[in-house]
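1. take a look and give me a structure for this.
(one chain, ligands or ions: 1)
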Amino acid sequence: MRHDSVLSTIGHTPLISLDRICGDRIPAKVYGKVESFNPGQSAKDRAALYMIEQAEKKGLIKPGATLIEATSGNTGFSIAMIAAVKGYKCILTLSDKAGPEKRALMTALGAKIVLCPKDAAPEHPDSYYSRAEELAATIPNSFYLRQNWNLDNSGAHYASTGPEIFNDTEGKVTHYVCCAGTGGTLSGTARYLKEQNPDVTIVGVDAYGSVLKKYWQTGIFDKNEIFSWKVEGLGKTIIPDNVAFDLIDEFIKVGDRAAALRVRELATREGMLLGYSSGAALEAVFAMRKQLTKDDVVVVLFPDHGSRYLGKVFNDDWMKEQGYLTPTGEPATYSVKHLQRMYRVYKRMYGRKIKQRLKLTSE
Ligand code: PMP
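-> Sure, this is the predicted structure:
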């Protein structure tokens, strides 16, 4: 197939059956929507292209403009790619949670990077949001995409990801499972699917340490929920406008360890080298397996490619340092049986001491 530029290869990603990993363990039919097939190897190609082209149509981006964005990495890569094709400059403020592989990918495409501390609160002047605001205010002829608040982000997925999933399942999709970061991929697709069939169950995936699930449950933005986590791109410490909370039927939190082990299993069982958050998304399907039946058709969206995580989840030393693999390289899984045994051991050890102490204090 012939293309005018790399940009027209964005979208139309495949839906791939996950029989080898889900097969007898999940009662439903499960497909992965594999966004690493985009030229920028992530779902963010769709959002970046749509946000830029909508802004061009509105006259907000002029020739020679500088595009600015605060990003966990993938959006930055997509913007850098589009800027190269369209002749724009590109400056990205990036959390230092993004590994060196991700940074090199962006600079290779000509983008400039401003590295910001991952633990800076969003309102702190050093945070990647504040630095992007500052750059947008000081650089003439610049356009700050604001992926968290720019509704053209979810608009991209309403226009493409949603229709692709609906058509490729011949309208049979019953569950859509998707990570929430800015919320664009989840909400735009969900809106399209719910319009076609209001009974489609929308499942959001969130990180422990993120504020999204609690906000969805209670309407409260609870800063006490926040602590740092490892899965890049998943979860938020702000409430983005792109998360359509009213469309979400269920929100599942996934831990760093479970997501890491699951994405490694995807590689060895399905031959799919995918990003860390893809492991989180599939882990959510496993977490909800008891409510699925053989008639269900589950589509789980895999946001990006695994080559960006070779130094992390696909590196055994990194996995051991985190305690996700045992020193001998076995998955560090904590089964209920294991936890029950540990509980009995600790109770025996410390229960006796507590009893002794109680005795001493009562005497
Ligand atoms: N996973 C990865 C790897 C990402 O880069 C992103 C985007 N930040 C997401 C998940 C979440 O996608 P969205 O921003 O559309 O919610």
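
2. quick one: contacts for the spatially closest residue to residue 64 that is not a sequence neighbour?
-> Leaving aside its sequence neighbours, residue 64 sits nearest to residue 141 (CB to CB, 6 or more residues apart in numbering; 6.4 Å). C-beta here means a position set from N, CA and C on the backbone, and glycine is covered the same way. Residue 141 is in contact with 62, 64-66, counting by CB atoms under 8 Å, 6 or more residues apart in numbering.

3. repeat that with 10 Å
-> Going by CB atoms under 10 Å, 6 or more residues apart in numbering, residue 141 touches 61-66, 88-89.

4. one more: residue 280?
-> Contacts of residue 280 by CB under 10 Å, 6+ apart are 179, 205-207, 229, 231, 233-235, 252-256, 258-260, 262-263, 303.

5. just the strands in the stretch 101-250 of the chain please.
-> For the stretch 101-250 of the chain, the strands defined by DSSP state E, counting those that start in this stretch cover 112-116, 142-144, 175-179, 201-207, 250-254.

6. mean confidence score for the first one?
-> In this model, strand 112-116 has an average pLDDT of 95.

7. list the buried residues in that strand.
-> Residues 113, 116 are the ones in strand 112-116 that count as buried (16 or more other CB atoms under 10 Å).

8. mind giving me the PyMOL command for buried ones among the contacts of residue 141?
-> Applied in PyMOL, the following selects the buried portion of the contacts of residue 141 according to 16+ other CB under 10 Å:
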select buried, resi 61+65+66+88+89
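
9. now the contacts of residue 141 as TSV including pLDDT?
-> Putting the contacts of residue 141 into TSV (pLDDT from 0 to 100) gives the following:
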residue	pLDDT
61	97
62	95
63	95
64	95
65	98
66	98
88	98
89	98
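
10. how close does the closest residue to the ligand within the chain sit to residue 99?
-> At 2.3 Å from the ligand, residue 233 is the closest residue in the chain, using CB to the nearest ligand atom. Distance of residue 233 to residue 99, given as CB to CB, to the nearest Å: 12 Å.

11. the two - which one has more neighbours?
-> Taking neighbours as other CB atoms under 10 Å, residue 233 and residue 99 compare with residue 233 leading, 28 against 17.

12. so who does that one touch?
-> When contacts are counted by CB under 10 Å, 6+ apart, residue 233 touches 42-44, 71-75, 97-98, 179-182, 185, 207, 275-278, 280, 303-304, 308.

13. give me that answer again for 6 Å
-> Neighbouring residues of residue 233 by CB atoms under 6 Å, 6 or more residues apart in numbering: 72, 181, 277.

14. pLDDT check: weakest of these?
-> Across the contacts of residue 233, the smallest pLDDT goes to residue 72, namely 74.

15. burial measure for that residue, as a count.
-> Neighbours of residue 72 under the rule other CB under 10 Å: 22.

16. next one: it from residue 61, what distance?
-> Remark: distance between residue 72 and residue 61 (CB to CB) = 23 Å.

17. before we move on, what about residue 87?
-> Residue 87 sits 11 Å away from residue 61, going by CB to CB.

18. what parts of the stretch 1-150 of the chain come near the ligand?
-> Residues of the stretch 1-150 of the chain lying near the ligand by CB under 6 Å from any ligand atom: 42, 44, 72, 74.

19. quick one: pLDDT of the residue nearest in space to the middle of the chain?
-> For the chain, the residue nearest the mean C-alpha position is residue 234 (3.5 Å; CA atoms, centre = their mean). The model reports residue 234 with a pLDDT of 97.

20. count of neighbours near the nearest residue to residue 247 once chain neighbours are set aside?
-> Excluding its sequence neighbours, the residue lying closest to residue 247 (CB to CB, 6+ apart) is residue 190, at 4.4 Å. For residue 190, the count of nearby residues is 28 (other CB under 10 Å).

21. my read: residue 190 touches residue 246, true?
-> No - Residue 190 lies out of contact with residue 246 (CB atoms under 6 Å); the separation is 9.8 Å.

22. give the residues shared as contacts by those two.
-> Common contacts of residue 190 and residue 246 (CB under 6 Å, 6+ apart): none found.

23. could you work out the most separated pair of the residues of the stretch 1-150 of the chain next to the ligand?
-> Greatest spacing in those, by CB to CB: 42 and 72 (10.4 Å).

24. quick check: which ranges of the stretch 201-350 of the chain have low pLDDT?
-> 334-342, 349 (pLDDT under 70).

25. any idea how many residues pack against the nearest residue to residue 54 once chain neighbours are set aside?
-> Among residues not flanking residue 54 along the chain, residue 152 sits closest, at 4.4 Å (CB to CB, 6+ apart). Residues within reach of residue 152, counting by other CB under 10 Å, total 25.

26. same deal with the one 5 residues further on?
-> For residue 157, the tally of surrounding residues (other CB under 10 Å) stands at 30.

27. name the nearest residue to it, ignoring sequence neighbours.
-> residue 188 (3.0 Å).

28. for that neighbour, what are its contacts?
-> 154, 157-158.

29. residue 6 too?
-> If you count contacts by CB under 6 Å, 6+ apart, residue 6 has them with residue 39.

30. quick one: pLDDT of residue 361?
-> According to the model, residue 361 scores 49 on pLDDT.

31. circling back: separation between the residue nearest to residue 157 and residue 46?
-> Distance of residue 188 to residue 46, given as CB to CB: 9 Å.

32. cool, and residue 137?
-> Using CB to CB, residue 137 is found at 28 Å from residue 46.

33. between the two, who's got more neighbours?
-> In this view residue 137 and residue 46 are compared by other CB under 10 Å, and residue 46 has more residues nearby, 27 against 10.

34. so that one sits against residue 156, correct?
-> Yes - between residue 46 and residue 156 there is a contact at 4.5 Å, judged by CB under 6 Å.
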